[in-house]
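Peer 1: Prediction below, plus the sequence it came from.
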Amino acid sequence: MSEIEDLDQLYARAFTTEAGAAVLSHLRETTIERPCFTAGQDPSFGFVREGENEVVRSIERRIKRHRTRK
């Protein structure tokens with residue numbers, strides 16, 4: 001297996017347990033499901049929020065990629 005495949009497998013193992021799925025759900029709720037840009041806030045705040053979102057998207061992509069390889 002390649003390093004990417006190894007990491008995908010580790011992410012899948014960590015986040016598909018009952019506890020891991022709950023943590024990932026919480027991360028999704030506190031990042032992706034919140035608005036990035038809010039009226040009256042400095043626009044740069046939205047870029048920071050998108051960075052937070054990308055961490056969760058990356059985890060979800062790794063899990064999906066691992067599942068499709070099986």
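Peer 2: On my side now, so go ahead. Numbers count the residues shown, from 1 in each chain.

Peer 1: Give me the helices and strands touching the helix or strand that contains residue 58, please.
Peer 2: Using DSSP states H and E, the element containing residue 58 is helix 44-69. Where contact means 3 or more C-beta pairs under 8 Å, 6 or more residues apart in numbering; DSSP states H and E, helix 44-69 is packed against helix 3-15, helix 18-30. To be clear about C-beta, it is placed using only N, CA and C from the backbone, and glycine gets the same treatment.

Peer 1: and the first one, how far out from the chain's middle?
Peer 2: Translated: helix 3-15. 13 Å (C-alpha atoms, centre = their mean, to the nearest Å).

Peer 1: quick one: it to helix 18-30, angle?
Peer 2: Per axes from the mean of the first three to the mean of the last three C-alpha atoms, to 10 degrees, the angle that helix 3-15 makes with helix 18-30 is 100 degrees.

Peer 1: Which residues belonging to helix 3-15 are considered buried?
Peer 2: 8, 9, 11, 12, 14, 15 (16 or more other C-beta atoms under 10 Å).

Peer 1: sorry, back to before: now the helices and strands packed on helix 44-69 as TSV including distance to residue 41 and mean pLDDT?
Peer 2: What follows is the helices and strands packed on helix 44-69, written out as TSV (distance: least, C-beta to C-beta, whole Å; pLDDT from 0 to 100):
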stretch	distance to residue 41	mean pLDDT
helix 3-15	30	97
helix 18-30	17	98
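
Peer 1: Turn these into CSV, columns for distance to residue 52.
Peer 2: CSV is the format used below for the helices and strands packed on helix 44-69 (distance: least, C-beta to C-beta, whole Å):
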stretch, distance to residue 52
helix 3-15, 17
helix 18-30, 8
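
Peer 1: So for residue 49, which of the ones you listed sits nearest?
Peer 2: helix 18-30 (10.6 Å; C-beta to C-beta).
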